[in-house]
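Engineer: Make a model of this:
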Amino acid sequence: MAGLPLYHRISTVLIEQIREGRYPPGSSLPGEMELAERFNVSRVTIRKTLDRLERGGLVERRQGRGTFVKAGKATEPVKAEVTGLVENLLAMGLRTKVKVLHFAYEPAPQPVAERLEIPAGTIAQHSIRLRSYKGEPFSYAVTWLPETIGRTFRRSELASTPLTRLLVRADAEPAEADQRVFACAASEVVAPLLDLEVGAPLLGVERRVRDLQGRPVEHLRALYRPDRYEFELTMRLRPNDPDALWEPAEIKGK
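Structural biologist: Below is the predicted model of the structure:
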């Protein structure tokens, strides 16, 4: 988080400590002086830190009494296995809300065209979605689909129906995907949408989905707030192999 304001970095640490149970709901945070000494910063910086926590609904500042952790706000972040991402959230019954920020048919830029294995400049569906959980934004997703698939559904359906279901309906049932997980900084476009400062750290996933015939049917680049979303992956070692490396465990039913 180098380059971010001190108060932002300190508030991130405190949020994690609240989430870990060091400061349970109803308990008070250390005073301004103690926090300033702990983090070796000024009290002005600590006040900005507490202001940020209060704006986020995590704490309540009571005049003359201190700063108290609010119940129900500093909960565990939304979780999903790396293999399933947002689709797994829906399968787990979590209520997420989607706002479609962009929906159009545009020439695919070179990097996207390569992932979809189409000529650069080919018209494809380009969409941008903002996903929230319990009223808090946590995901900014940019998706490109081949035009023939995209034309099978409307913008309103993308906001209400999981994309995987729309692909199945379009006879492009997802069968496998290759993806990478990375870290990046929030841009001036993404930051305000996710209620972050420009430059704040984000988790990212880039994924290409293929259908049963092996054809690329989706290119996704999604950015997540790391304090509101995390990935989980079960790992296993091969038995009786002293040189075995950790490998992703097979997920049954997938």
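Engineer: hey, let's count contacts and neighbours off CA atoms from now on
Structural biologist: OK.
Engineer: quick one, phi/psi of the residue most central in space within the chain?
Structural biologist: By Cα atoms, centre = their mean, the mean C-alpha position of the chain lies nearest to residue 224, the distance being 2.1 Å. With angles defined as degrees, to the nearest 10, residue 224 sits at phi -130, psi 140.
Engineer: pretty sure it is touching residue 138, no?
Structural biologist: Yes - taking contacts as Cα atoms under 8 Å, residue 224 lies within contact range of residue 138: 5.5 Å.
Engineer: if we can go back for a sec, name the nearest residue to the residue nearest to the centre of the chain, sequence neighbours excluded.
Structural biologist: For residue 224, ignoring the flanking residues on the chain, the nearest one in space by Cα to Cα, 6 or more residues apart in numbering is residue 139 at 4.6 Å.
Engineer: and the gap between that neighbour and residue 129?
Structural biologist: 8 Å (Cα to Cα, to the nearest Å).
Engineer: out of those two, which sits in the more crowded spot?
Structural biologist: Taking neighbours as other Cα atoms under 10 Å, residue 139 and residue 129 compare with residue 139 leading, 26 against 20.
Engineer: what mean pLDDT does stretch 37-54 have?
Structural biologist: Averaging pLDDT along stretch 37-54 yields 91.
Engineer: Report the distance from that stretch to the chain centre.
Structural biologist: Distance, stretch centre to chain centre, for stretch 37-54: 26 Å (Cα atoms, centre = their mean, to the nearest Å).
Engineer: Please point out which parts of that stretch sit buried.
Structural biologist: 43, 45-46, 48-54 (16 or more other Cα atoms under 10 Å).
Engineer: Which stretches in the chain count as strands?
Structural biologist: 59-62, 66-69, 78-81, 96-107, 123-133, 136-146, 174-185, 201-211, 216-224, 229-232, 235-236, 247-248 (DSSP state E).
Engineer: Quick one: low-confidence residue ranges for the stretch 51-200 of the chain.
Structural biologist: 72-95 (pLDDT under 70).
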